[in-house]
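1. A predicted structure for the sequence below; I have some questions about it.
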Amino acid sequence: MSVVLVEQDGPVGILRLNRPEVLNALNSAVMEALADQLTRWDRDPAVRVVILTGNDKAFAAGADIAEMAERTPVEMLQSAQITRWEAIRQFSKPLIAAVSGWALGGGMELAMLCDLIVASETARFGQPEIRLGVMPGAGGTQRLTKIVGKMRAMDLVLTGRHITAEEALQWGLVNRVVPVEQYWEEALKLARSLAAGPPLALALAKEAVLFSLDSTVEDGLKFERKVFALLFASEDRREGMAAFLEKRAPQFRGR
Ligand code: HXC
């Protein structure tokens, strides 16, 4: 059985982590499968949005501790792990995490790499690496701090405690919290609505928002102004504006 199940629902690509016996712990095979499929889908115009999910009990309980336990520092530094995380970060289309149950350590970091998070009420988030004698290594001190601010990041990173979906919602770490029976439908509904949007504008809007995390407001505004103007070259902006004026639904084609 594959460690990541790959499905497609029309324009929505679905990646389902599939190591339930270890709460979807992220080993090398999982990270490789995720990065490879996202790289493939990035080039495939038929896929417009991707949902990354696990099962009701676990999104992912972190890096695979059994695999990590015997690693040397040099192996950690040289492992392809880093380029795989980078490949996921480079994915240009909207990426939604549908999270239920555990999202810990690398699992929480993976969810934070996504653009939107739909959580079930049973979701639990945390960066428990400190309890293993290490610290977060894939964005848990950087992306998390940008999302929730210094004090809350320190709380999670230094204590290793878990927070509930409700607390994560209050902190702005997730977008929506719904009962466990509904999180999948909610994520799919969100994905389908994004998939009906203009693909070029979605990709550039995503890039511009991410750009703001690493740039000054001045540089960010310059970038925003340019990509905004660039979109006026697209057929989809003609279609979007014409559809509005003609009082009909737009048909975006990604051109
Ligand atoms: C390997 C794991 C695992 C993990 C759980 N399992 N998490 N195996 N790596 N991260 C396995 C358990 O060993 C166990 O296997 C089975 O999954 C069920 O887990 P239990 O502990 O029995 O379940 P439960 O009592 O419900 O507790 C759930 C839990 C706990 C709170 C999530 O499993 C836990 O604390 N897991 C570790 C979480 C963690 O520390 N994550 C951070 C990892 S470091 P058996 O064979 O006993 O049934 C990290 C660094 C990222 O992520 C760096 C990226 C580069």
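-> Now that the structure is in, tell me what you want to look at.

2. Show me what D9 is bridged to.
-> V12 (DSSP bridges).

3. if I look at it, how far off is A195?
-> As defined by Cβ to Cβ, to the nearest Å, D9 lies at a distance of 9 Å from A195. Every residue, glycine included, has its C-beta placed from N, CA and C.

4. Next: M76.
-> 37 Å.

5. again, but for Q182
-> Separation of Q182 from A195 (Cβ to Cβ): 20 Å.

6. Same drill for those two, tell me which one is more crowded.
-> Neighbour totals were compared for Q182 and A195, and A195 leads with 21 against 15 (other Cβ atoms under 10 Å).

7. Check the contact between the more buried one and Q8; I expect there is one.
-> No: in this structure A195 lies outside contact range of Q8 using Cβ atoms under 8 Å: 11.2 Å.

8. so who does L132 touch?
-> Counting by Cβ atoms under 8 Å, 6 or more residues apart in numbering, L132 touches I65.

9. I'd like to know which residues of the stretch 101-250 of the chain are adjacent to the ligand.
-> When proximity is defined as Cβ under 6 Å from any ligand atom, the stretch 101-250 of the chain approaches the ligand at 102, 104-106, 128-129, 132, 137-138.

10. which two in those are spaced the farthest apart?
-> Within these, W102 and G137 form the most distant pair, 18.0 Å apart (Cβ to Cβ).

11. More neighbours: those two, which one.
-> Remark: of W102 and G137, W102 carries more neighbours, 24 against 17, as counted by other Cβ under 10 Å.

12. quick one: contacts for the more buried one?
-> Contacts for W102 (Cβ under 8 Å, 6+ apart) come out as 23-24, 57-61, 124.

13. Pull the most distant pair out of those.
-> Greatest spatial distance in the contacts of W102: N24 and R124, 13.3 Å, computed using Cβ to Cβ.

14. out of those two, which sits in the busier spot?
-> The neighbour count for N24 versus R124, taken as other Cβ under 10 Å, is higher for N24 (29 against 21).

15. Would you state the helices of the protein in chain order?
-> Here the chain has its helices, by DSSP state H, at 28-42, 65-68, 73-78, 81-90, 106-113, 143-148, 150-159, 165-170, 183-195, 199-214, 217-230, 235-245.

16. where in the protein is pLDDT low?
-> The chain contains no residues with pLDDT under 70.

17. follow-up on the earlier one: which of the helices of the chain is buried the deepest?
-> The highest mean neighbour count among these, using mean count of other Cβ atoms under 10 Å, belongs to helix 106-113: a mean of 26.

18. what's near enough to touch G254?
-> G254 is in contact with 45, 48, 198-200, 236, counting by Cβ under 8 Å, 6+ apart.

19. Distance check, it against R48.
-> G254 is 8 Å from R48, where distance means Cβ to Cβ.

20. hey, what's in contact with both of these two?
-> Overlap of the contact sets of G254 and R48 (by Cβ under 8 Å, 6+ apart) consists of P199.

21. Name whatever forms a beta bridge with A97.
-> Legend: beta-bridge partners of A97 under DSSP bridges are L52, I117.

22. ok, it - how many residues close by?
-> Other residues lying near A97 total 28 when counted by other Cβ under 10 Å.

23. Who are the contact partners of the residue most central in space within the chain?
-> Of all residues in the chain, the one closest to the mean position by Cα atoms, centre = their mean is C114, 1.2 Å from it. By Cβ under 8 Å, 6+ apart, C114 lies in contact with 52, 95-97.
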